[in-house]
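Enquirer: The following block contains a protein sequence and its predicted model.
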Amino acid sequence: MAGTGVFAEILDGDVYMYYADGEWKKSSSGKTVAIINPTTRKTQYKVQACTQEEVNKAMESAKAAQKSWAKTPLWKRAELLHKAAAILKEHKAPIAECLVKEIAKPAKDAVTEVVRSGDLVSYTAEEGVRILGEGKFLVSDSFPGNERTKYCLTSKIPLGVILAIPPFNYPVNLAVSKIAPALIAGNSLVLKPPTQGAVSALHMVHCFHLAGFPKGLISCVTGKGSEIGDFLTMHPGVNCISFTGGDTGIAISKKAGMIPLQMELGGKDACIVLEDADLDLVASNIIKGGFSYSGQRCTAVKVVLVMESVADALVEKVKAKIAKLTVGPPEDDCDITPVVSESSANFIEGLVKDAKEKGATFCQDYKRDGNLIWPLLLDNVRPDMRIAWEEPFGPVLPIIRINSIEEGIHHCNASNFGLQGSVFTKDVNKAILISDAMETGTVQINSAPARGPDHFPFQGLKDSGIGSQGVANSINMMTKIKSTVINLPTPSYTIGNGGHSKL
Ligand SMILES: NC(=O)c1ccc[n+]([C@@H]2O[C@H](COP(=O)([O-])OP(=O)(O)OC[C@H]3O[C@@H](n4cnc5c(N)ncnc54)[C@H](O)[C@@H]3O)[C@@H](O)[C@H]2O)c1
């Protein structure tokens, strides 16, 4: 159970402690932040509201710890990461329980998130020893005007202290996807978990603690993003920010100093359906893509752009599948569970009302109880409706009927987002042309958008982000190239098998 067994150490009374300098600590603020269970809408957990002074201390120890960590052999760093991964997987049940209670993630998906996170940590350790185990050797005579008088040795060096800020919807997976690459590359890390999801993240951090990482190397400071957020992101001790979330990321990018940024932000992933598409395949992908975790995924299908001639048939198939979705608490492993907060539910309701006023066709009755919103398909959505452009982050999916492929591409590209998109057709040549025309970081052919598998590159264009994620990309992003150039007094060439060089 959460907060018991090995995790009893992270709890003080009924308040979860924050982690810094290798220890679980109470904040001197005396204040706590309540974590509301989205299902019961009552306080489920409490975490420390850290002060700016405590953030400063965490930054200082991160800086000190990084210096010796960077001198720790790569294989030893990898070994510790493998150990943390195993501990994480061993304790999947209590961590999954937190995900169920804090963010209403369906029980089975919650377990999957923890196991996937353990796998991600191990994979990153392995990928890291290969990527970081290689450098480059360049010779100068390939560039015009140069003789072979310079040998350039390059290797990848750490950046320093990485600030990691994940969102609520994958508080464990999107935290380890920053922690593991940072650590394998020789960086230290300060984690600011989302409020909803903080306790899952603290349990996950304890697994790293139990693995025996040096003190100060990882810390986890809790508190309101609005209170310590700016202080963290503008902190002079931070050498790189890896952020996943919504528009907050755009504001952070503008405020952050001259440091590398990895920003994975919102999306409005379009699903373009051509006349020759396998409609059963499309319908099941729309259900999986649009409604799993109640639509609260960055890569959820967020708008369907379907050719008019097949729209009626597709809508019928999707409606039939929606009717089979179970709606209820995450503990019962329902398909549709309460959305993360009341304000999120209110926002979704605002989009639904706007669509109603402007004449969208409701394929089901709109139904809401607290934070629980029943799955809703809105047909005949038009570009003047907010739902055509905004990210509901809930189980509401708009369908826009199109009369040409160009119309679909135009709608996709008119969005300020450019995370992923998908195209359904049996004509692979058309699919490639459409993929090239869509201004998104990834296009899925004949499948719903998805971030995984976690070693695939993952990136957004436009307001959807800066940089690229995925195991290898994150490792590279959290390093910098360092060169050492050996200068020879005279050119030196090797002849190989042909004879002896004249010395
Ligand atoms: N592209 C991706 O990889 C990806 C993945 C998952 C979610 N998302 C996006 O995340 C959003 C949903 O997540 P959310 O509601 O947690 O996003 P959010 O932007 O509200 O919050 C993200 C994180 O930022 C923190 N934060 C808030 N204010 C801050 C500040 N001033 N300074 C520093 N940190 C601050 C939050 O506490 C949280 O940890 C959606 O828009 C979704 O599309 C994107």
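Expert: Nice, thanks for sending it over. Residues are numbered from 1 along each chain as shown.
Enquirer: Spell out which parts of the stretch 351-500 of the chain neighbour the ligand.
Expert: Selection of the stretch 351-500 of the chain residues close to the ligand by C-beta under 6 Å from any ligand atom yields 391, 393, 419, 460, 465. Quick note: C-beta positions are derived from backbone N, CA and C, even for glycine.
Enquirer: shouldn't the first one be in contact with residue 266?
Expert: Yes. Using C-beta atoms under 8 Å as the test, residue 391 is close enough to residue 266 to be in contact (5.0 Å).
Enquirer: Please enumerate the shared neighbours of these two.
Expert: Common neighbours of residue 391 and residue 266, using C-beta atoms under 8 Å, 6 or more residues apart in numbering, are 246, 417.
Enquirer: about what we covered before: would you format the residues of the stretch 351-500 of the chain next to the ligand as CSV with pLDDT included?
Expert: Shown next, in CSV, are those (pLDDT from 0 to 100):
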residue, pLDDT
391, 98
393, 98
419, 98
460, 98
465, 97
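Enquirer: Identify, from the residues you listed, the entry nearest to residue 154.
Expert: Nearest to residue 154 out of those is residue 465 (C-beta to C-beta; 27.2 Å).
Enquirer: Could you check which helix or strand contains residue 306?
Expert: Using DSSP states H and E, residue 306 falls within strand 303-307.
Enquirer: Tell me which other helices or strands that strand touches.
Expert: Strand 303-307 sits against strand 270-273, strand 396-402, helix 405-414, with contacts defined as 3 or more C-beta pairs under 8 Å, 6 or more residues apart in numbering; DSSP states H and E.
Enquirer: what sits up against it?
Expert: Counting by C-beta under 8 Å, 6+ apart, strand 303-307 makes contact with 268-275, 286, 290, 314, 381, 388, 397-403, 407-408, 411-412, all of which sit outside it.
Enquirer: just checking, what's the longest helix in this structure?
Expert: Of all the segments of type helix in the chain, defined by DSSP state H, the longest one is helix 107-132.
Enquirer: tell me which residues of that helix are tucked away?
Expert: Residues 107, 109-114, 116-125, 127-129, 131-132 are the ones in helix 107-132 that count as buried (16 or more other C-beta atoms under 10 Å).
Enquirer: need the next SSE after whichever strand or helix holds residue 254, C-terminal direction.
Expert: Assigned by DSSP H and E, residue 254 belongs to helix 248-255. Heading C-terminal from helix 248-255, the first helix or strand you meet, by DSSP H and E, is strand 261-264.
Enquirer: other SSEs contacting the longest helix of the chain?
Expert: Looks like helix 107-132 contacts helix 74-90, helix 92-103, strand 150-158, helix 173-184, helix 471-477 (3+ C-beta pairs under 8 Å, 6+ apart).
Enquirer: so how far is it from its chain's centroid?
Expert: Distance, stretch centre to chain centre, for helix 107-132: 13 Å (C-alpha atoms, centre = their mean, to the nearest Å).
Enquirer: list the contacts for residue 153?
Expert: Residues near residue 153 by C-beta under 8 Å, 6+ apart: 135-137, 483-486.
Enquirer: For my notes, please list these in a markdown table and give pLDDT, secondary structure and neighbour count for each entry.
Expert: Formatted as a markdown table, these follow (pLDDT from 0 to 100; DSSP: H, G, I helix; E, B strand; the rest coil; neighbours: other C-beta atoms under 10 Å):
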| residue | pLDDT | secondary structure | neighbour count |
| --- | --- | --- | --- |
| 135 | 97 | coil | 14 |
| 136 | 97 | strand | 11 |
| 137 | 98 | strand | 8 |
| 483 | 98 | strand | 11 |
| 484 | 98 | strand | 10 |
| 485 | 98 | strand | 11 |
| 486 | 98 | strand | 9 |
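Enquirer: Residues in contact with the helix or strand of the chain with the lowest mean pLDDT: which ones?
Expert: Every helix and strand of the chain was ranked by mean pLDDT, DSSP states H and E. The lowest is helix 225-233, at a mean of 90. Contact with helix 225-233 is made by 49-52, 55, 163, 165, 190, 192, 194-195, 221, 238, 241, 243, 248, 252, 255-256, as judged by C-beta under 8 Å, 6+ apart.
Enquirer: Make sure residue 27 is actually in contact with residue 49.
Expert: Yes. The criterion here is C-beta under 8 Å, and residue 27 meets it with residue 49 at 6.0 Å.
Enquirer: nearest spatial neighbour of residue 3, skipping sequence neighbours?
Expert: Leaving aside its chain neighbours, residue 3 sits nearest to residue 11 (4.4 Å; criterion: C-beta to C-beta, 6 or more residues apart in numbering).
Enquirer: can you check residue 28 too?
Expert: Residue 28's closest residue in space is residue 51 (C-beta to C-beta, 6+ apart), at 6.1 Å.
Enquirer: for that neighbour, what are its contacts?
Expert: Neighbour list for residue 51: 27-29, 228 [criterion: C-beta under 8 Å, 6+ apart].
Enquirer: now swap in residue 310 and tell me
Expert: Residues in contact with residue 310, defined by C-beta under 8 Å, 6+ apart, are 273, 275, 277, 279.
Enquirer: From residue 387, how far out is the first one?
Expert: Distance, residue 273 to residue 387, using C-beta to C-beta, to the nearest Å: 18 Å.
Enquirer: same deal with the second one?
Expert: Using C-beta to C-beta, we find residue 275 at a distance of 25 Å from residue 387.
Enquirer: Equivalent analysis for residue 274, please.
Expert: Distance from residue 274 to residue 387, counting by C-beta to C-beta: 23 Å.
Enquirer: same check, this time on residue 171
Expert: Separation of residue 171 from residue 387 (C-beta to C-beta): 27 Å.
Enquirer: What parts of the protein come near the ligand?
Expert: Neighbours of the ligand within the chain, by C-beta under 6 Å from any ligand atom: 165, 167-169, 194-195, 225-226, 229-230, 232-233, 244-246, 248, 252, 264-267, 298, 391, 393, 419, 460, 465.
Enquirer: Is there a quick ChimeraX command that grabs whichever of those residues are buried?
Expert: The ChimeraX selection below is limited to those of the residues of the chain next to the ligand classed as buried (16+ other C-beta under 10 Å):
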select :165,167,168,169,194,195,225,229,232,233,244,245,248,252,264,265,266,267,298,391,393,419,460,465
